[in-house]
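S.K.: Sequence unavailable; structure follows:
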Ligand SMILES: NC(=O)c1ccc[n+]([C@@H]2O[C@H](COP(=O)([O-])OP(=O)(O)OC[C@H]3O[C@@H](n4cnc5c(N)ncnc54)[C@H](O)[C@@H]3O)[C@@H](O)[C@H]2O)c1
């Protein structure tokens with residue numbers, strides 16, 4: 001256990017969008033945080049977030065923020081394909097980091113980022129927020145302590161309202177860089193691979209469909225696949241992020257079944273337990289849509305706002321990261337190396353689906369690059 005001699009924290013938040021604001025609100029309440037600086041490209045958004053969290057410094061240029069002497073840690077919460085430059089700059093400055101998932105959207109970039117983090121020796125963790133949701137922690141504990149015996153088969157089913165997919169394809173500079181696995185399936189994948197961390201994946205076989213989002217945004221609707229581990233155990237995963245806007249889950253519904261030689265554990269994280277029906281428009285969730293009138297509350301992965309504060313996994317994750325930085329406490333955050341491994345696996349799902357054949361794991365950056373996919377496809 002760490003000694004109780006907490007360090008002060010000056011936190012740089014790079015990218016003050018939805019997640020930057022959530023994390024900033026939590027940081028503003030943390031006793032060790034005495035400085036918050038924001039780097040946000042959109043001036044109106046920067047002003048809104050500054051006022052909401054009482055930030056001490058605001059700029060559009062993250063280099064200017066990272067040069068401030070008060071800064072001792074950084075949150076990188078830019079869009080998925082824009083993490084690389086600020087991560088490299090924060091690593092250069094030797095700052096501990098909380099980076100949003102995925103580490104990068106291209107495998108070569110993710111490799112570059114991981115190498116820079118390793119070289120600088122900084123403590124960099126990645127926002128696989130669901131590790132902080134109580135039910136996944138309970139599952140982790142039962143698997144870790146051998147309650148199921150040897151785990152032999154895991155199945156996960158992630159269903160998502162298409163609002164997230166439409167928003168992502170709209171924001172991406174190149175739609176081929178993103179996919180349901182890279183952007184969202186990575187959450188379920190991380191949970192399962194965290195549960196299975198003692199086992200080494202050796203092969204992947206996957207297929208995708210694009211009948212709904214293809215014509216709309218040149219996007220992929222859904223991917224299903226099978227990972228085989230070295231010892232013969234299996235993980236079957238499917239995700240669709242093309243469910244109709246009327247689907248009651250605002251964002252993420254997940255079901256996981258884990259079977260072992262001596263036990264089975266099933267986890268219902270679909271959020272069907274709290275159902276709201278209303279004739280009024282709702283303003284919450286990742287990409288709120290005024291036409292939706294029925295909602296599975298709790299399906300927004302970061303958590304929910306109650307009494308003016310974020311409650312739920314992203315709050316716990318951010319608080320625990322601040323404690324990790326301040327007190328050196330161990331936490332269950334995903335490391336940058338684990339995040340790189342998740343990106344490699346999600347790219348391998350996409351590669352296998354594209355080539356329509358099984359792929360040995362791990363894959364190299366060259367295999368999943370846009371160039372090589374174009375040649376293959
Ligand atoms: N862990 C979770 O549960 C969870 C949930 C939602 C999103 N995310 C992740 O968080 C990240 C951000 O998502 P979001 O929903 O907040 O997106 P967002 O679009 O709301 O916010 C991103 C912000 O970054 C700003 N930005 C981009 N590049 C910048 C730069 N170089 N300098 C300064 N500002 C810059 C944009 O202007 C935008 O305001 C993504 O990686 C996403 O996948 C994680």
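M.R.: Yep, that arrived. Since the model is a prediction, treat every value here as computed from it, not as a measurement.
S.K.: can you list the residues of the stretch 251-377 of the chain near the ligand?
M.R.: Listed as neighbours of the ligand in the stretch 251-377 of the chain under the rule C-beta under 6 Å from any ligand atom: 301-302, 314. C-beta here means a position set from N, CA and C on the backbone, and glycine is covered the same way.
S.K.: what residues does stretch 205-215 touch?
M.R.: Defining contact as C-beta atoms under 8 Å, 6 or more residues apart in numbering, one finds that stretch 205-215 is touched by 162, 165-166, 169, 179, 219-226, 228, 242, 348-350, 352-354, 356-359.
S.K.: how long is it end to end?
M.R.: Separation of the first and last residues of stretch 205-215 by C-alpha to C-alpha, to the nearest Å is 25 Å.
S.K.: Give the rounded mean pLDDT of that stretch.
M.R.: The predicted model assigns stretch 205-215 a mean pLDDT of 97.
S.K.: who's in contact with whichever strand or helix holds residue 190?
M.R.: Secondary structure assignment for residue 190, by DSSP states H and E: helix 186-195. Under the criterion C-beta under 8 Å, 6+ apart, residues 101-102, 128-131, 136, 139-140, 143, 151, 154, 156, 158, 181, 201, 235, 237, 239, 252, 254, 256, 258, 301, 334, 338, 341-343, 345-346 lie in contact with helix 186-195.
S.K.: mind giving me the domain split of this structure?
M.R.: 9-129+318-334, 131-301 (automatic domain parsing).
S.K.: Tell me which of the ones you listed sits nearest to residue 364.
M.R.: For these, proximity to residue 364 was assessed by C-beta to C-beta; domain 9-129+318-334 is nearest, at 7.7 Å.
S.K.: Among the residues of the stretch 251-377 of the chain next to the ligand, find me the one that's closest to the ligand.
M.R.: Nearest to the ligand among those is residue 301, at 3.7 Å by C-beta to the nearest ligand atom.
S.K.: And that closest one, how far from residue 127?
M.R.: 10 Å (C-beta to C-beta, to the nearest Å).
S.K.: what's near enough to touch the residue of the stretch 1-150 of the chain found nearest the ligand?
M.R.: Residue nearest to the ligand within the stretch 1-150 of the chain: residue 17 (1.7 Å; C-beta to the nearest ligand atom). With contacts defined as C-beta under 8 Å, 6+ apart, residue 17 is in contact with 40, 45, 77-79.
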